[in-house]
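J.: here's my sequence, what's the structure:
(chains A and B)
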There are 2 protein chains.
Amino acid sequence: MPHRDFVYLGDTARVPYGRKPPEMVVDFATGIADFLCGLGVEGLVVACNTASAVALPKLVERCARWDTAPGLDGQVGIPGPRNVPVWGVIDPGVEAATRVTRTGRVGVIGTKGTIGSGAYQSRLEARGLRSWAQACPMLVHVVEEGLADSPEAEILVRHYLSGRPEMDTLILGCTHYPVLRDVLQRVVGDAVTLVDSAEVTAETVAEAFEPAPRHTAPGRVVHFVTGDPVAFAHTAGVIGGVEGTIVPLAVTELAGACRSMA
Amino acid sequence: MPHRDFVYLGDTARVPYGRKPPEMVVDFATGIADFLCGLGVEGLVVACNTASAVALPKLVERCARWDTAPGLDGQVGIPGPRNVPVWGVIDPGVEAATRVTRTGRVGVIGTKGTIGSGAYQSRLEARGLRSWAQACPMLVHVVEEGLADSPEAEILVRHYLSGRPEMDTLILGCTHYPVLRDVLQRVVGDAVTLVDSAEVTAETVAEAFEPAPRHTAPGRVVHFVTGDPVAFAHTAGVIGGVEGTIVPLAVTELAGACRSMA
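T.: This next block holds a predicted model:
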C-alpha cells in the first residue's frame, strides 16, 4: 500500500510490554489507540503480540464508535461518530498456521504476557489443532542488542525450545522474532515451518481498503516515539533501519488527547 | 548519609547505554550532568559503569567550574563559579579489587561499552595486576526481566565466563550485576571474590562530606526519570523497589537547561 499514509507509534519510553501486567498493557494500548484515532486514521493495526493478546477486545470496542476526527494536516475530518477498524496480529498468525500445518501440531513462542494470556492456545485449539506454547522473555532483548546472529541467540533459543514436542509448524508470536528466523530454523530443523503473522496481517488490512488510483503520490510514513528519537534511530539501525520521519511524543500526550499529525 | 538529599536521574527513555557509541553516551551524560549541576548538587556520582568508562574526564572538566547554582527549592544557591566534584564507579572498583586480590589475577565483566573502552583493564594493569575482561551484553536484560534466579541467567553466565583464566577476583563492572551475585558466585566458585564497586564508591563520597549534625531531619530522595514513571516503578519493583518520589522529566529538558528541584 505504498500510496497510503502510515502513522507508527513506538512506545519506546514504556517498552518492553512483554513482562508487564495485562491491566497496564491495556491502559497503555488504550491511550495509544485514542491518540491514533484522534489523528483521523482509517484503521488501526495492533502490531504487537502482547497488546493484541490482552487488549484487542477493549480496543475494538473503543474504536468502533470514535467521536472526533480532526483529520490529517489539521483538515476537518469525517464529522461525528465513525468506526475505526482494528486488527491484531494473533488471528492472522493462527490463520497462517492453520493453512500450513499438516499434522495439526503447532507450537507458538512469544513474550510472557502473550503466552500467559492463552490467546494463541485457545484459538488454535478452537480450530482442532494441538498447541504447545513457550514464553521466551529474553529473545526480544537478543534482537534489540543486535545479537540475532550470536552464541547468545543460539543458546537461548535451544534452551527455550528444548522441551518442545513433535510439531510441524511454529508461530513466531512476537514481532521481533522474524529477525531470529535463521537461528530458529536451524534449531527446529527444516521439517518445521516458521509462521510470521506480519504477512497475513498485511494481506488482511490491504483487502479492507480500496486500491489507490494509479499515479497517486507515494504516502508518508511518520514514526511517533515516546522515548528519545536518537536512541530509537540507533536501535532501529541495529535491526535494519527506519524510513520516514521520526517525531518525539511525550507519554503525557497519550492520555486520550487529540492532536493533528505534525 | 541519611540526612543528605539525593537526586537520582534515571535516563530510562534512552537506556540501555551499554551498546551505544561512546560519543552518544558522552552527549547523554553531559546533558544529565548539566541538569544536576543546575539543581545545585554538591557532588555528582556517575553510578553507571558505561558512562564512567567513556565520559568521566569530560564530566570532571565540565563540573569543575559550574557557573549557575539556583539551589534546591528555588533558593538562591552559591553564586558564581563553583567546583562540583564528580565520582565514577571504575576507580572504586579497581581500588576494591586491588585490596582483595592475592594472586594479582583479576577479571572484570561489564557492558560492551565498558569493556570496549579498556577503562578497567588499563587501570588494573597500571597497578601491576593481570586482567581478563568479558563483555556480557545480555546480563542487564536478565536483571531487568526479573530473571536473576532463572535458567536463562545460569546459561548466560556460564557462557560468558566459559573462557576465563585462573583468577581470584572478579569485578562486577555494571551496576546491575550485584543482583546476579548468587549465580555468578556459583559459576566461578567460592575461591573467587566478587567485587562490587558500590560500597567503595559510597565510602569515597561519604569521606568527602562533613557528617550531618545529630538530630538533622532525614534527607529527601527524588528520582527523575526520562521514560514513563509507571514503567520505571514496575521495573524497579522487579529488582527490589524504589523509595522516594518519582518525577517525570522530558529528555528535551536535558540539553543543558537549569531547573529547580520539584
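J.: lowest-pLDDT helix or strand in chain A?
T.: helix A:229-239 (a mean of 85; mean pLDDT, DSSP states H and E).
J.: who are the packing partners of that one?
T.: In terms of contacts (3 or more C-beta pairs under 8 Å, 6 or more residues apart in numbering or on different chains; DSSP states H and E), helix A:229-239 is packed against helix A:139-144, strand A:245-248. Quick note: C-beta positions are derived from backbone N, CA and C, even for glycine.
J.: kindly reformat those as CSV containing mean pLDDT.
T.: Shown next, in CSV, are the helices and strands packed on helix A:229-239 (pLDDT from 0 to 100):
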stretch, mean pLDDT
helix A:139-144, 94
strand A:245-248, 92
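J.: all helices of chain A, in order?
T.: Along chain A, counting by DSSP state H, helices occupy A:22-38, A:49-63, A:90-100, A:112-117, A:119-126, A:139-144, A:151-161, A:181-188, A:197-207, A:229-239.
J.: CA atoms only: put the longest one into CSV for me.
T.: Taking only C-alpha atoms (Å, rounded to 0.1, in the frame of the first residue of the first chain), the coordinates of helix A:22-38 have been written out as CSV:
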residue,chain,number,x,y,z
PRO,A,22,-2.1,-7.1,31.5
GLU,A,23,-4.1,-4.2,33.0
MET,A,24,-1.0,-1.9,32.5
VAL,A,25,-0.7,-3.0,28.8
VAL,A,26,-4.4,-2.4,28.3
ASP,A,27,-4.1,1.1,29.7
PHE,A,28,-1.1,1.9,27.5
ALA,A,29,-2.7,0.4,24.4
THR,A,30,-5.9,2.4,25.0
GLY,A,31,-4.1,5.7,25.3
ILE,A,32,-2.3,4.9,22.1
ALA,A,33,-5.5,3.9,20.2
ASP,A,34,-7.1,7.2,21.3
PHE,A,35,-4.2,9.2,20.1
LEU,A,36,-4.1,7.5,16.7
CYS,A,37,-7.9,7.7,16.2
GLY,A,38,-7.6,11.4,17.2
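J.: so for the residue most central in space within chain A, what's the pLDDT?
T.: Centroid-nearest residue in chain A: A:Ala47, 1.9 Å away (criterion: C-alpha atoms, centre = their mean). You'll see A:Ala47 listed with a pLDDT of 94.
J.: is it true that it touches A:Ile90?
T.: No. If you go by C-beta atoms under 8 Å, A:Ala47 and A:Ile90 don't touch, sitting 11.5 Å apart.
J.: distance of the residue lying farthest from the centre of chain A from chain B?
T.: The C-alpha centroid of chain A is most remote from A:His215, which lies 30.2 Å away (C-alpha atoms, centre = their mean). Distance, A:His215 to chain B, by C-beta to the nearest C-beta, to the nearest Å: 40 Å.
J.: could I get the contacting residues of that residue?
T.: Applying C-beta atoms under 8 Å, 6 or more residues apart in numbering or on different chains to A:His215 gives no contacts.
J.: again, only this time at 10 Å
T.: Contacts for A:His215 were tallied using C-beta atoms under 10 Å, 6 or more residues apart in numbering or on different chains; they are A:His3.
J.: one step back: just say which of the helices and strands packed on helix A:229-239 is most tucked in.
T.: Comparing the helices and strands packed on helix A:229-239 by mean neighbour count (mean count of other C-beta atoms under 10 Å in any protein chain shown), helix A:139-144 comes out on top with a mean of 23.
J.: from the contact counts, what lies against that helix?
T.: Secondary-structure packing of helix A:139-144 (3 or more C-beta pairs under 10 Å, 6 or more residues apart in numbering or on different chains; DSSP states H and E): strand A:105-110, helix A:151-161, helix A:181-188, helix A:229-239, helix B:139-144.
J.: ranking the ones you listed by burial, who's on top?
T.: Mean neighbours per residue, mean count of other C-beta under 10 Å, is largest over those for strand A:105-110, with a mean of 26.
J.: so what strands line up beside that one?
T.: Strand pairing for strand A:105-110, determined by DSSP bridges: strand A:130-135 (parallel), strand A:169-173 (parallel).
J.: mind putting these in JSON lines, mean neighbour count and mean pLDDT included?
T.: Shown next, in JSON lines, are the strands paired with strand A:105-110 (neighbours: other C-beta atoms under 10 Å in any protein chain shown; pLDDT from 0 to 100):
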{"stretch": "strand A:130-135", "mean neighbour count": "18", "mean pLDDT": "98"}
{"stretch": "strand A:169-173", "mean neighbour count": "26", "mean pLDDT": "97"}
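J.: which stretch among the ones you listed comes nearest A:Ser150?
T.: Smallest distance to A:Ser150 across the strands paired with strand A:105-110 (C-beta to C-beta): 18.2 Å, for strand A:169-173.
J.: any idea how far A:Thr175 lies from chain B?
T.: 17 Å.
J.: now A:Gly116
T.: Distance from A:Gly116 to chain B, counting by C-beta to the nearest C-beta: 14 Å.
J.: what residues are up against the closest residue to that residue other than its chain neighbours?
T.: Using C-beta to C-beta, 6 or more residues apart in numbering or on different chains and skipping the chain neighbours, the partner closest in space to A:Gly116 is A:Ala135 (6.8 Å). Contacts for A:Ala135 (C-beta under 10 Å, 6+ apart) come out as A:18-19, A:108-116, A:160, A:173-174.
J.: try A:Gly241
T.: Neighbours of A:Gly241 in contact, by C-beta under 10 Å, 6+ apart: A:Ala233.
J.: what does A:Val192 give?
T.: Residues near A:Val192 by C-beta under 10 Å, 6+ apart: A:Arg105, A:Val106, A:Gly107, A:Leu161, A:Arg164, A:Glu166, A:Met167, A:Asp168, A:Thr169, A:Leu170, A:Leu184, A:Gln185.
J.: quick check, nearest of those residues to chain B?
T.: Distances from the contacts of A:Val192 to chain B were compared by C-beta to the nearest C-beta; the smallest belongs to A:Leu161, at 13.0 Å.
J.: from A:Pro211, how far out is the residue nearest to the closest one when sequence neighbours are not counted?
T.: Spatially, and ignoring its direct neighbours in sequence, A:Leu161 is nearest to A:Val187 (5.6 Å; C-beta to C-beta, 6+ apart). Remark: distance between A:Val187 and A:Pro211 (C-beta to C-beta, to the nearest Å) = 40 Å.
J.: check A:Pro16 too.
T.: 36 Å.
J.: comparing the two, which residue is more hemmed in?
T.: Comparing A:Pro16 with A:Pro211 by other C-beta atoms under 10 Å in any protein chain shown, the one with more neighbours is A:Pro16, at 20 against 9.
J.: so what's that one scoring on pLDDT?
T.: Model confidence at A:Pro16 (pLDDT) stands at 87.
J.: so what's it up against?
T.: Listed by C-beta under 10 Å, 6+ apart, the contact set of A:Pro16 reads A:50, A:111-113, A:137, A:140-141, A:144, A:176, B:141, B:144-145, B:231, B:235.
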